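Colleague: Okay, sequence plus prediction incoming.
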Amino acid sequence: MTIHDDRQPTHEAGPHRTFDSLSPITGDVVASHPLHGEEDVAAAVLAARDEAAWWGALTFEERSARLVAWKGVITRRLAQLADLVHQETGKPHGDALLEASLGIDHLGWAATHAAKHLGRRKVSSGLLMANQAATVEYRPLGVVGVIGPWNYPVFTPMGSIAYALAAGNAVVFKPSELTPGVGEWLARTFREAVGRPVLSVVTGFGDTGAALCRAGVDKVAFTGSTATGKRVMAACAETLTPVVIEAGGKDAVIVDHDADLDAAADATLWGACSNAGQTCTGVERVYVHEKVYDEFLGLLVAKAEGLRADDSLDSPLGPITMPKQLDVIRAHIADALDRGGRALLGGADAVGDRYVQPTILVDVPEDSRAVCEETFGPTVTVARVGTVEEAIRRTNATSYGLGSTVFSKARGMEIAEQIRSGMTAVNGVITFAAVPSLPFGGVGDSGFGRIHGPDGLREFTYAKAIARQRFKAALPLTSFTRTEKHEQQLVQLMTMLHGRGTTLPKLGRKVRRGR
Ligand code: NDP
(Lines give C-alpha, C1' and ligand atoms only; values in the text may rest on other atoms or scores of the structure.)
Protein backbone atom coordinates (compact mmCIF):
# COMPACT_ATOMS: atom_id res chain seq x y z
CA MET A 1 0.00 0.00 0.00
CA THR A 2 1.34 3.45 -0.82
CA ILE A 3 1.52 6.26 1.68
CA HIS A 4 -0.76 9.15 1.07
CA ASP A 5 -0.04 12.51 2.62
CA ASP A 6 -3.60 13.51 2.08
CA ARG A 7 -4.51 16.66 3.97
CA GLN A 8 -8.13 16.62 2.83
CA PRO A 9 -10.92 15.59 5.18
CA THR A 10 -11.64 11.95 4.48
CA HIS A 11 -15.19 11.56 5.82
CA GLU A 12 -18.10 14.01 5.80
CA ALA A 13 -20.72 12.00 7.70
CA GLY A 14 -21.79 12.34 11.35
CA PRO A 15 -21.67 15.34 13.66
CA HIS A 16 -18.09 16.07 12.60
CA ARG A 17 -16.08 15.77 9.47
CA THR A 18 -13.24 13.41 10.21
CA PHE A 19 -9.75 12.66 8.98
CA ASP A 20 -7.62 9.55 9.18
CA SER A 21 -4.27 9.04 10.84
CA LEU A 22 -2.16 6.61 8.83
CA SER A 23 0.64 4.22 9.65
CA PRO A 24 3.79 5.50 7.94
CA ILE A 25 4.96 1.87 7.74
CA THR A 26 2.00 0.37 5.91
CA GLY A 27 -0.11 3.35 4.88
CA ASP A 28 -3.06 1.70 6.64
CA VAL A 29 -5.59 3.79 8.55
CA VAL A 30 -4.80 3.74 12.28
CA ALA A 31 -8.02 5.57 13.26
CA SER A 32 -10.38 8.40 12.27
CA HIS A 33 -10.56 11.61 14.26
CA PRO A 34 -12.84 14.65 14.33
CA LEU A 35 -11.80 17.60 12.21
CA HIS A 36 -12.41 20.37 14.74
CA GLY A 37 -13.22 23.78 13.31
CA GLU A 38 -13.19 27.26 14.78
CA GLU A 39 -16.47 26.78 16.69
CA ASP A 40 -15.35 23.49 18.21
CA VAL A 41 -12.08 25.03 19.33
CA ALA A 42 -13.89 28.02 20.84
CA ALA A 43 -16.22 25.62 22.71
CA ALA A 44 -13.24 23.60 23.98
CA VAL A 45 -11.54 26.76 25.30
CA LEU A 46 -14.80 27.91 26.92
CA ALA A 47 -15.20 24.55 28.67
CA ALA A 48 -11.55 24.70 29.71
CA ARG A 49 -12.25 28.01 31.47
CA ASP A 50 -14.52 26.21 33.97
CA GLU A 51 -11.90 23.52 34.42
CA ALA A 52 -9.22 26.17 34.98
CA ALA A 53 -11.33 27.80 37.71
CA TRP A 54 -11.69 24.48 39.54
CA TRP A 55 -8.14 23.24 38.96
CA GLY A 56 -6.55 26.61 39.75
CA ALA A 57 -8.38 26.76 43.09
CA LEU A 58 -6.88 23.46 44.26
CA THR A 59 -3.76 23.54 46.42
CA PHE A 60 -0.43 22.45 44.96
CA GLU A 61 -0.71 19.25 46.99
CA GLU A 62 -4.19 18.49 45.67
CA ARG A 63 -3.06 19.02 42.08
CA SER A 64 0.09 17.02 42.65
CA ALA A 65 -1.91 14.04 43.95
CA ARG A 66 -4.09 14.08 40.84
CA LEU A 67 -1.17 14.42 38.44
CA VAL A 68 0.63 11.58 40.20
CA ALA A 69 -2.52 9.46 39.78
CA TRP A 70 -2.48 10.25 36.03
CA LYS A 71 1.20 9.35 35.91
CA GLY A 72 0.33 5.98 37.45
CA VAL A 73 -2.30 5.26 34.80
CA ILE A 74 0.08 6.18 31.97
CA THR A 75 2.87 4.08 33.48
CA ARG A 76 0.69 1.02 33.92
CA ARG A 77 -0.40 1.33 30.28
CA LEU A 78 3.03 2.18 28.94
CA ALA A 79 2.98 -0.72 26.46
CA GLN A 80 -0.36 0.45 25.07
CA LEU A 81 0.85 4.03 24.67
CA ALA A 82 4.12 2.91 23.07
CA ASP A 83 2.16 0.77 20.62
CA LEU A 84 0.01 3.74 19.60
CA VAL A 85 3.10 5.95 19.17
CA HIS A 86 4.64 3.19 17.04
CA GLN A 87 1.51 2.95 14.88
CA GLU A 88 1.18 6.68 14.27
CA THR A 89 4.86 7.62 13.86
CA GLY A 90 6.34 4.33 12.67
CA LYS A 91 9.17 4.57 15.21
CA PRO A 92 10.42 1.28 16.73
CA HIS A 93 8.65 0.06 19.87
CA GLY A 94 11.77 0.49 21.98
CA ASP A 95 12.12 4.14 20.95
CA ALA A 96 8.43 4.75 21.63
CA LEU A 97 8.86 3.19 25.07
CA LEU A 98 11.87 5.40 25.82
CA GLU A 99 10.05 8.52 24.66
CA ALA A 100 6.96 7.80 26.77
CA SER A 101 9.13 6.95 29.79
CA LEU A 102 10.88 10.31 29.62
CA GLY A 103 7.49 12.05 29.35
CA ILE A 104 6.34 10.24 32.50
CA ASP A 105 9.50 11.30 34.33
CA HIS A 106 8.84 14.93 33.46
CA LEU A 107 5.22 14.63 34.58
CA GLY A 108 6.42 13.27 37.92
CA TRP A 109 8.92 16.08 38.38
CA ALA A 110 6.48 18.84 37.47
CA ALA A 111 3.81 17.38 39.77
CA THR A 112 6.11 17.24 42.78
CA HIS A 113 8.10 20.46 42.33
CA ALA A 114 5.47 23.05 41.49
CA ALA A 115 4.85 24.04 45.12
CA LYS A 116 8.55 24.63 45.77
CA HIS A 117 9.12 26.81 42.72
CA LEU A 118 5.77 28.57 42.38
CA GLY A 119 4.43 28.84 45.91
CA ARG A 120 4.44 32.11 47.82
CA ARG A 121 7.79 33.07 49.31
CA LYS A 122 9.13 36.04 51.24
CA VAL A 123 11.69 38.28 49.59
CA SER A 124 13.76 41.05 51.10
CA SER A 125 12.01 44.41 51.02
CA GLY A 126 15.26 46.43 51.27
CA LEU A 127 16.24 49.14 53.76
CA LEU A 128 14.24 51.87 52.03
CA MET A 129 11.07 49.81 52.33
CA ALA A 130 11.91 48.08 55.61
CA ASN A 131 8.36 48.60 56.87
CA GLN A 132 6.99 46.33 54.10
CA ALA A 133 6.62 42.55 54.04
CA ALA A 134 7.33 41.51 50.46
CA THR A 135 6.16 38.22 48.92
CA VAL A 136 6.11 36.76 45.45
CA GLU A 137 4.20 33.82 44.06
CA TYR A 138 3.51 32.46 40.61
CA ARG A 139 -0.15 32.28 39.65
CA PRO A 140 -1.62 30.21 36.82
CA LEU A 141 -2.52 32.03 33.63
CA GLY A 142 -5.83 30.22 33.08
CA VAL A 143 -6.12 28.21 29.86
CA VAL A 144 -3.00 27.23 27.93
CA GLY A 145 -3.18 26.09 24.31
CA VAL A 146 -0.53 23.49 23.48
CA ILE A 147 0.29 22.80 19.82
CA GLY A 148 2.53 19.79 19.32
CA PRO A 149 4.55 18.10 16.58
CA TRP A 150 4.49 14.46 15.47
CA ASN A 151 8.11 13.42 15.97
CA TYR A 152 7.85 12.89 19.74
CA PRO A 153 4.07 12.98 20.25
CA VAL A 154 4.28 12.17 23.99
CA PHE A 155 7.55 13.62 25.19
CA THR A 156 7.44 16.95 23.39
CA PRO A 157 3.91 18.13 24.26
CA MET A 158 4.27 16.68 27.77
CA GLY A 159 7.04 19.23 28.32
CA SER A 160 4.36 21.90 28.08
CA ILE A 161 1.26 19.99 29.24
CA ALA A 162 2.69 18.61 32.50
CA TYR A 163 4.29 21.90 33.49
CA ALA A 164 1.24 24.01 32.58
CA LEU A 165 -1.07 21.66 34.53
CA ALA A 166 1.23 21.53 37.55
CA ALA A 167 1.25 25.32 37.57
CA GLY A 168 -2.56 25.29 37.86
CA ASN A 169 -3.71 25.86 34.28
CA ALA A 170 -6.21 23.96 32.18
CA VAL A 171 -4.83 22.81 28.83
CA VAL A 172 -6.37 22.49 25.38
CA PHE A 173 -4.02 20.36 23.30
CA LYS A 174 -3.86 20.31 19.51
CA PRO A 175 -1.67 17.35 18.50
CA SER A 176 -0.15 17.07 15.02
CA GLU A 177 -2.52 15.78 12.36
CA LEU A 178 -0.14 12.80 12.06
CA THR A 179 -0.47 11.80 15.73
CA PRO A 180 -4.00 12.74 16.87
CA GLY A 181 -4.56 9.35 18.52
CA VAL A 182 -1.72 9.90 20.98
CA GLY A 183 -3.21 13.27 21.94
CA GLU A 184 -6.63 11.73 22.49
CA TRP A 185 -5.11 8.91 24.53
CA LEU A 186 -3.41 11.38 26.86
CA ALA A 187 -6.61 13.39 27.40
CA ARG A 188 -8.67 10.22 27.92
CA THR A 189 -6.34 8.79 30.55
CA PHE A 190 -6.14 12.17 32.31
CA ARG A 191 -9.92 12.27 32.62
CA GLU A 192 -9.98 8.71 33.86
CA ALA A 193 -7.42 9.49 36.56
CA VAL A 194 -8.63 12.94 37.59
CA GLY A 195 -12.33 12.75 36.81
CA ARG A 196 -12.51 16.06 34.94
CA PRO A 197 -11.32 17.18 31.50
CA VAL A 198 -8.77 19.73 32.71
CA LEU A 199 -6.69 18.46 29.78
CA SER A 200 -8.75 18.35 26.58
CA VAL A 201 -7.90 17.76 22.93
CA VAL A 202 -8.89 19.30 19.63
CA THR A 203 -7.84 17.46 16.48
CA GLY A 204 -7.41 18.53 12.90
CA PHE A 205 -4.92 20.16 10.54
CA GLY A 206 -3.03 23.44 10.72
CA ASP A 207 -6.32 25.41 10.64
CA THR A 208 -7.33 23.84 13.95
CA GLY A 209 -4.03 25.01 15.47
CA ALA A 210 -4.56 28.47 13.99
CA ALA A 211 -8.06 28.58 15.53
CA LEU A 212 -6.57 27.71 18.92
CA CYS A 213 -4.20 30.68 18.63
CA ARG A 214 -7.21 32.96 18.11
CA ALA A 215 -9.56 31.35 20.64
CA GLY A 216 -8.68 33.58 23.57
CA VAL A 217 -6.34 31.24 25.43
CA ASP A 218 -4.00 32.85 27.94
CA LYS A 219 -0.83 31.43 26.42
CA VAL A 220 0.16 29.26 23.48
CA ALA A 221 2.97 26.73 23.82
CA PHE A 222 4.00 25.83 20.31
CA THR A 223 6.46 23.11 19.30
CA GLY A 224 7.12 22.67 15.61
CA SER A 225 8.98 24.21 12.70
CA THR A 226 10.35 27.74 12.73
CA ALA A 227 8.15 28.69 9.76
CA THR A 228 4.93 27.63 11.52
CA GLY A 229 6.20 29.23 14.72
CA LYS A 230 6.26 32.60 12.95
CA ARG A 231 2.65 32.11 11.81
CA VAL A 232 1.62 31.16 15.34
CA MET A 233 3.32 34.24 16.75
CA ALA A 234 1.66 36.51 14.16
CA ALA A 235 -1.77 35.09 15.01
CA CYS A 236 -1.14 35.44 18.76
CA ALA A 237 0.05 39.03 18.29
CA GLU A 238 -3.49 40.03 17.25
CA THR A 239 -4.72 39.41 20.80
CA LEU A 240 -1.44 39.95 22.66
CA THR A 241 -1.50 36.27 23.59
CA PRO A 242 1.95 35.29 24.91
CA VAL A 243 3.73 32.39 23.26
CA VAL A 244 6.49 29.87 23.87
CA ILE A 245 8.16 28.82 20.63
CA GLU A 246 10.05 25.52 20.64
CA ALA A 247 11.24 25.31 17.05
CA GLY A 248 13.81 23.47 14.98
CA GLY A 249 17.56 23.17 15.22
CA LYS A 250 20.80 22.38 13.43
CA ASP A 251 22.70 20.90 16.34
CA ALA A 252 26.44 20.24 16.13
CA VAL A 253 28.86 17.93 17.92
CA ILE A 254 32.39 19.13 18.66
CA VAL A 255 35.01 16.40 19.06
CA ASP A 256 38.23 17.60 20.69
CA HIS A 257 41.58 15.82 20.23
CA ASP A 258 41.51 14.32 23.73
CA ALA A 259 37.95 12.97 23.46
CA ASP A 260 36.90 9.38 24.04
CA LEU A 261 36.49 8.75 20.32
CA ASP A 262 34.55 5.53 20.61
CA ALA A 263 32.00 7.19 22.89
CA ALA A 264 31.88 10.26 20.63
CA ALA A 265 31.23 8.15 17.53
CA ASP A 266 28.57 6.12 19.32
CA ALA A 267 26.81 9.26 20.58
CA THR A 268 27.06 10.99 17.20
CA LEU A 269 25.50 8.03 15.43
CA TRP A 270 22.65 7.74 17.91
CA GLY A 271 22.11 11.51 17.97
CA ALA A 272 22.00 11.66 14.17
CA CYS A 273 20.04 8.53 13.34
CA SER A 274 17.76 7.58 16.24
CA ASN A 275 14.11 8.26 15.46
CA ALA A 276 15.33 8.21 11.82
CA GLY A 277 16.93 11.62 12.44
CA GLN A 278 13.57 13.25 13.18
CA THR A 279 14.65 14.87 16.42
CA CYS A 280 14.68 18.63 17.05
CA THR A 281 17.90 18.22 19.06
CA GLY A 282 19.27 15.57 16.71
CA VAL A 283 22.89 15.73 15.57
CA GLU A 284 23.15 17.19 12.05
CA ARG A 285 26.77 18.47 11.94
CA VAL A 286 30.06 17.31 13.47
CA TYR A 287 33.31 19.29 13.80
CA VAL A 288 36.32 17.12 14.63
CA HIS A 289 39.83 18.18 15.62
CA GLU A 290 42.23 17.34 12.79
CA LYS A 291 44.43 15.25 15.08
CA VAL A 292 41.63 12.68 15.51
CA TYR A 293 39.51 13.30 12.41
CA ASP A 294 40.46 10.14 10.50
CA GLU A 295 40.20 7.90 13.53
CA PHE A 296 36.82 9.34 14.54
CA LEU A 297 35.45 9.03 11.01
CA GLY A 298 36.63 5.43 10.77
CA LEU A 299 34.82 4.57 14.01
CA LEU A 300 31.66 6.43 12.97
CA VAL A 301 31.42 4.74 9.58
CA ALA A 302 32.17 1.30 11.06
CA LYS A 303 29.40 1.71 13.65
CA ALA A 304 26.93 3.07 11.09
CA GLU A 305 27.52 0.32 8.56
CA GLY A 306 25.46 -2.16 10.57
CA LEU A 307 22.50 0.20 10.89
CA ARG A 308 19.56 -0.17 8.46
CA ALA A 309 16.13 1.30 8.21
CA ASP A 310 13.43 -1.10 7.01
CA ASP A 311 10.01 -2.47 7.87
CA SER A 312 11.24 -5.52 9.76
CA LEU A 313 9.98 -5.78 13.33
CA ASP A 314 13.42 -5.43 14.88
CA SER A 315 14.62 -2.58 12.66
CA PRO A 316 16.40 0.04 14.78
CA LEU A 317 15.27 2.81 12.43
CA GLY A 318 11.69 3.49 11.42
CA PRO A 319 10.32 5.29 8.38
CA ILE A 320 10.20 9.02 7.72
CA THR A 321 6.90 9.86 9.37
CA MET A 322 5.96 12.83 7.19
CA PRO A 323 6.29 11.72 3.53
CA LYS A 324 7.04 15.20 2.16
CA GLN A 325 10.19 15.34 4.35
CA LEU A 326 11.72 12.73 2.03
CA ASP A 327 12.03 15.44 -0.65
CA VAL A 328 13.86 17.75 1.78
CA ILE A 329 16.33 15.03 2.81
CA ARG A 330 16.90 14.05 -0.84
CA ALA A 331 17.49 17.71 -1.81
CA HIS A 332 19.99 18.29 1.03
CA ILE A 333 22.02 15.21 0.10
CA ALA A 334 21.96 16.15 -3.61
CA ASP A 335 23.06 19.72 -2.88
CA ALA A 336 25.95 18.47 -0.73
CA LEU A 337 27.13 16.02 -3.40
CA ASP A 338 26.70 18.53 -6.25
CA ARG A 339 28.92 20.96 -4.42
CA GLY A 340 31.88 18.68 -3.86
CA GLY A 341 30.75 16.68 -0.84
CA ARG A 342 31.30 12.92 -0.62
CA ALA A 343 29.09 10.29 0.96
CA LEU A 344 31.13 7.80 2.99
CA LEU A 345 27.90 5.95 3.72
CA GLY A 346 24.46 6.27 2.13
CA GLY A 347 24.17 9.17 -0.26
CA ALA A 348 21.92 9.83 -3.24
CA ASP A 349 20.39 6.33 -3.15
CA ALA A 350 19.77 6.40 0.58
CA VAL A 351 16.34 8.00 0.25
CA GLY A 352 13.65 5.47 -0.60
CA ASP A 353 9.84 5.57 -0.69
CA ARG A 354 9.49 5.60 3.07
CA TYR A 355 12.88 4.84 4.59
CA VAL A 356 16.17 6.73 4.54
CA GLN A 357 19.40 4.84 5.14
CA PRO A 358 22.06 6.40 7.40
CA THR A 359 24.15 8.86 5.43
CA ILE A 360 27.55 10.28 6.40
CA LEU A 361 28.73 13.23 4.33
CA VAL A 362 32.21 14.84 4.30
CA ASP A 363 33.85 17.74 2.46
CA VAL A 364 30.50 19.54 2.37
CA PRO A 365 30.71 23.34 1.93
CA GLU A 366 29.60 25.26 5.01
CA ASP A 367 27.00 27.23 3.03
CA SER A 368 25.30 24.14 1.58
CA ARG A 369 21.76 23.21 2.58
CA ALA A 370 22.95 20.10 4.45
CA VAL A 371 25.00 22.32 6.79
CA CYS A 372 22.69 25.34 7.09
CA GLU A 373 19.11 24.01 7.06
CA GLU A 374 17.34 21.50 9.27
CA THR A 375 17.42 18.17 7.36
CA PHE A 376 15.37 16.06 9.81
CA GLY A 377 16.66 12.74 8.50
CA PRO A 378 19.35 10.20 9.47
CA THR A 379 22.13 12.19 7.83
CA VAL A 380 25.15 13.97 9.24
CA THR A 381 27.96 16.13 7.86
CA VAL A 382 31.44 15.68 9.34
CA ALA A 383 34.10 18.39 8.95
CA ARG A 384 37.76 18.63 9.93
CA VAL A 385 38.83 21.64 12.04
CA GLY A 386 42.32 22.87 12.96
CA THR A 387 41.38 24.05 16.45
CA VAL A 388 38.55 23.83 18.92
CA GLU A 389 38.08 27.58 18.48
CA GLU A 390 37.33 27.01 14.80
CA ALA A 391 34.85 24.29 15.76
CA ILE A 392 33.07 26.68 18.15
CA ARG A 393 32.96 29.43 15.52
CA ARG A 394 31.48 27.09 12.90
CA THR A 395 29.04 25.59 15.40
CA ASN A 396 27.78 29.08 16.23
CA ALA A 397 27.52 30.15 12.57
CA THR A 398 23.85 29.20 12.34
CA SER A 399 20.58 31.02 12.79
CA TYR A 400 19.45 28.18 15.06
CA GLY A 401 20.54 27.62 18.64
CA LEU A 402 18.73 24.67 20.20
CA GLY A 403 21.13 22.00 21.49
CA SER A 404 24.77 21.00 21.06
CA THR A 405 27.24 18.35 22.14
CA VAL A 406 30.88 18.46 23.18
CA PHE A 407 33.26 15.53 23.50
CA SER A 408 36.43 16.56 25.33
CA LYS A 409 38.23 15.27 28.41
CA ALA A 410 39.93 18.50 29.51
CA ARG A 411 37.86 21.34 28.07
CA GLY A 412 34.25 20.14 28.04
CA MET A 413 32.73 22.85 30.25
CA GLU A 414 34.85 25.60 28.73
CA ILE A 415 33.74 24.70 25.20
CA ALA A 416 30.10 24.27 26.26
CA GLU A 417 30.04 27.78 27.72
CA GLN A 418 31.06 29.28 24.39
CA ILE A 419 28.36 27.64 22.28
CA ARG A 420 25.33 29.79 21.54
CA SER A 421 22.60 27.23 22.19
CA GLY A 422 19.96 26.74 24.84
CA MET A 423 21.40 23.40 25.90
CA THR A 424 24.69 21.51 25.66
CA ALA A 425 25.55 17.90 26.49
CA VAL A 426 29.16 17.26 27.52
CA ASN A 427 30.47 13.73 26.83
CA GLY A 428 26.92 12.54 26.17
CA VAL A 429 24.21 13.37 23.67
CA ILE A 430 20.76 14.98 24.22
CA THR A 431 21.15 14.12 27.91
CA PHE A 432 19.86 17.57 28.95
CA ALA A 433 16.37 16.68 27.67
CA ALA A 434 16.07 13.84 30.14
CA VAL A 435 17.02 15.89 33.21
CA PRO A 436 13.66 17.25 34.38
CA SER A 437 15.19 20.05 36.45
CA LEU A 438 17.00 21.55 33.44
CA PRO A 439 15.25 24.13 31.25
CA PHE A 440 14.69 23.10 27.62
CA GLY A 441 14.55 25.61 24.77
CA GLY A 442 16.56 27.55 22.24
CA VAL A 443 17.68 30.90 20.94
CA GLY A 444 17.42 32.51 17.50
CA ASP A 445 15.41 30.50 14.96
CA SER A 446 15.06 27.73 17.53
CA GLY A 447 12.60 29.89 19.42
CA PHE A 448 12.30 31.31 22.90
CA GLY A 449 10.81 30.57 26.28
CA ARG A 450 11.51 27.40 28.23
CA ILE A 451 9.80 24.16 29.09
CA HIS A 452 11.04 21.72 31.79
CA GLY A 453 12.51 22.60 35.17
CA PRO A 454 11.62 25.59 37.35
CA ASP A 455 11.77 27.88 34.28
CA GLY A 456 9.30 25.60 32.52
CA LEU A 457 6.88 25.82 35.44
CA ARG A 458 7.16 29.61 35.60
CA GLU A 459 6.62 29.86 31.83
CA PHE A 460 2.94 29.05 32.44
CA THR A 461 2.38 31.56 35.23
CA TYR A 462 2.48 35.23 35.97
CA ALA A 463 4.46 36.60 38.89
CA LYS A 464 2.26 38.07 41.60
CA ALA A 465 4.08 40.54 43.86
CA ILE A 466 2.57 41.75 47.14
CA ALA A 467 4.05 44.42 49.41
CA ARG A 468 2.17 44.49 52.75
CA GLN A 469 2.80 47.33 55.18
CA ARG A 470 3.90 45.98 58.56
CA PHE A 471 4.22 49.34 60.34
CA LYS A 472 4.08 53.01 59.47
CA ALA A 473 7.08 54.27 57.50
CA ALA A 474 9.50 56.63 59.26
CA LEU A 475 9.70 58.68 56.07
CA PRO A 476 6.32 59.35 54.38
CA LEU A 477 7.77 59.16 50.87
CA THR A 478 4.58 58.28 49.02
CA SER A 479 2.30 60.86 50.57
CA PHE A 480 1.54 64.55 50.03
CA THR A 481 2.44 65.00 53.71
CA ARG A 482 6.10 64.63 52.65
CA THR A 483 8.17 67.70 53.61
CA GLU A 484 11.52 69.18 52.56
CA LYS A 485 13.03 67.73 55.72
CA HIS A 486 11.90 64.24 54.72
CA GLU A 487 13.51 64.75 51.32
CA GLN A 488 16.80 65.78 52.97
CA GLN A 489 16.62 62.66 55.13
CA LEU A 490 16.05 60.63 51.98
CA VAL A 491 19.19 62.10 50.39
CA GLN A 492 21.22 61.25 53.54
CA LEU A 493 19.88 57.73 53.52
CA MET A 494 20.62 57.27 49.79
CA THR A 495 24.18 58.60 50.26
CA MET A 496 24.70 56.13 53.07
CA LEU A 497 23.25 53.22 51.11
CA HIS A 498 24.54 53.86 47.60
CA GLY A 499 27.04 56.73 47.70
CA ARG A 500 30.28 54.78 47.97
CA GLY A 501 30.60 53.22 44.53
CA THR A 502 32.58 56.04 42.88
CA THR A 503 35.36 53.94 41.33
CA LEU A 504 35.34 50.46 39.83
CA PRO A 505 36.81 47.93 42.24
CA LYS A 506 40.08 46.46 40.95
CA LEU A 507 39.48 42.99 39.61
CA GLY A 508 42.45 40.91 40.70
CA ARG A 509 41.90 38.20 38.09
CA LYS A 510 39.64 37.49 35.22
CA VAL A 511 36.09 37.03 36.45
CA ARG A 512 34.94 33.59 35.45
CA ARG A 513 31.36 32.57 35.06
CA GLY A 514 30.07 30.31 37.85
CA ARG A 515 31.00 26.67 37.63
P1 NDP B 1 4.93 21.95 12.04
O2 NDP B 1 5.44 23.32 12.27
O3 NDP B 1 4.55 21.56 10.67
O4 NDP B 1 3.64 21.68 12.94
C5 NDP B 1 3.65 21.80 14.35
C6 NDP B 1 2.22 21.90 14.84
O7 NDP B 1 1.65 23.14 14.42
C8 NDP B 1 1.29 20.81 14.31
O9 NDP B 1 0.37 20.44 15.31
C10 NDP B 1 0.61 21.53 13.18
O11 NDP B 1 -0.62 20.95 12.82
C12 NDP B 1 0.41 22.90 13.76
N13 NDP B 1 0.16 23.97 12.79
C14 NDP B 1 0.40 23.98 11.45
N15 NDP B 1 0.05 25.18 10.93
C16 NDP B 1 -0.40 25.94 11.95
C17 NDP B 1 -0.88 27.29 12.06
N18 NDP B 1 -0.97 28.09 11.00
N19 NDP B 1 -1.24 27.74 13.27
C20 NDP B 1 -1.14 26.95 14.37
N21 NDP B 1 -0.70 25.68 14.33
C22 NDP B 1 -0.32 25.18 13.14
O23 NDP B 1 6.03 20.98 12.65
P24 NDP B 1 6.09 19.41 12.58
O25 NDP B 1 4.88 18.80 13.20
O26 NDP B 1 6.47 19.02 11.20
O27 NDP B 1 7.31 19.10 13.57
C28 NDP B 1 8.63 19.09 13.17
C29 NDP B 1 9.32 20.36 13.60
O30 NDP B 1 9.20 20.51 14.99
C31 NDP B 1 10.81 20.36 13.32
O32 NDP B 1 11.22 21.60 12.81
C33 NDP B 1 11.41 20.14 14.70
O34 NDP B 1 12.72 20.61 14.81
C35 NDP B 1 10.45 20.86 15.56
N36 NDP B 1 10.52 20.37 16.93
C37 NDP B 1 11.01 21.19 17.89
C38 NDP B 1 11.14 20.75 19.19
C39 NDP B 1 11.63 21.63 20.26
O40 NDP B 1 11.37 21.32 21.41
N41 NDP B 1 12.33 22.71 20.00
C42 NDP B 1 10.77 19.37 19.56
C43 NDP B 1 10.24 18.61 18.48
C44 NDP B 1 10.13 19.11 17.21
P45 NDP B 1 -0.67 19.85 11.64
O46 NDP B 1 0.35 18.80 11.97
O47 NDP B 1 -2.03 19.36 11.75
O48 NDP B 1 -0.34 20.58 10.37
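Modeller: Looks like it arrived, so ask away.

Colleague: right, and the helix or strand after the strand or helix carrying residue 85?
Modeller: Taking DSSP states H and E as the criterion, residue 85 maps to helix 78-89. Scanning forward in sequence from helix 78-89 by DSSP H and E, the next helix or strand is helix 93-118.

Colleague: how far does the helix or strand just after that following helix sit from the chain's center?
Modeller: Following helix 93-118 in sequence order, the next helix or strand is strand 121-123 (DSSP H and E). Put simply, strand 121-123 sits 30 Å off its chain's centre (C-alpha atoms, centre = their mean, to the nearest Å).

Colleague: same check, this time on stretch 444-458
Modeller: 7 Å.

Colleague: Now for residue 33: which residues touch it?
Modeller: Neighbour list for residue 33: 18, 19, 20, 21, 180, 181, 184, 203, 204 [criterion: C-beta atoms under 8 Å, 6 or more residues apart in numbering]. Bear in mind the C-beta positions are built from the backbone N, C-alpha and C, glycine included.

Colleague: now the residues you listed in TSV, with secondary structure, distance to residue 55 and pLDDT?
Modeller: Formatted as TSV, these follow (DSSP: H, G, I helix; E, B strand; the rest coil; distance: C-beta to C-beta, whole Å; pLDDT from 0 to 100):
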residue	secondary structure	distance to residue 55	pLDDT
18	strand	30	96
19	strand	30	96
20	strand	33	95
21	strand	29	95
180	helix	24	98
181	helix	25	98
184	helix	20	98
203	coil	22	98
204	coil	25	97
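
Colleague: would you list those residues in a markdown table and tack on distance to residue 280 and neighbour count?
Modeller: Formatted as a markdown table, the contacts of residue 33 follow (distance: C-beta to C-beta, whole Å; neighbours: other C-beta atoms under 10 Å):
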| residue | distance to residue 280 | neighbour count |
| --- | --- | --- |
| 18 | 29 | 18 |
| 19 | 25 | 21 |
| 20 | 26 | 17 |
| 21 | 21 | 25 |
| 180 | 20 | 29 |
| 181 | 21 | 20 |
| 184 | 23 | 20 |
| 203 | 22 | 25 |
| 204 | 23 | 26 |
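
Colleague: which of these lies closest to the ligand?
Modeller: Comparing the contacts of residue 33 against the ligand with C-beta to the nearest ligand atom picks out residue 204 as the nearest, at 6.4 Å.

Colleague: interface residues of the chain facing the ligand?
Modeller: With C-beta under 6 Å from any ligand atom as the criterion, the chain meets the ligand at residues 147-152, 156, 174, 176-178, 205-206, 209-210, 213, 223-225, 228, 231-232, 246-249, 280, 322, 374, 402, 442.

Colleague: thinking again about what came up before, buried ones in the helix holding residue 85, by neighbour count?
Modeller: Judged by neighbour count using 16 or more other C-beta atoms under 10 Å, the buried positions of helix 78-89 are 81, 82, 84, 85, 86, 87, 88, 89.

Colleague: Excluding chain neighbours, what is closest to the fourth one?
Modeller: This means residue 85. If the residues on either side of it in the chain are set aside, residue 85 comes closest to residue 96, at 3.9 Å by C-beta to C-beta, 6 or more residues apart in numbering.

Colleague: now the second one
Modeller: In space, and not counting its chain neighbours, residue 82 is closest to residue 96: 4.0 Å by C-beta to C-beta, 6+ apart.

Colleague: In this structure residue 70 contacts residue 107, no?
Modeller: Yes. Between residue 70 and residue 107 a contact is recorded at 7.1 Å, counting by C-beta atoms under 8 Å.
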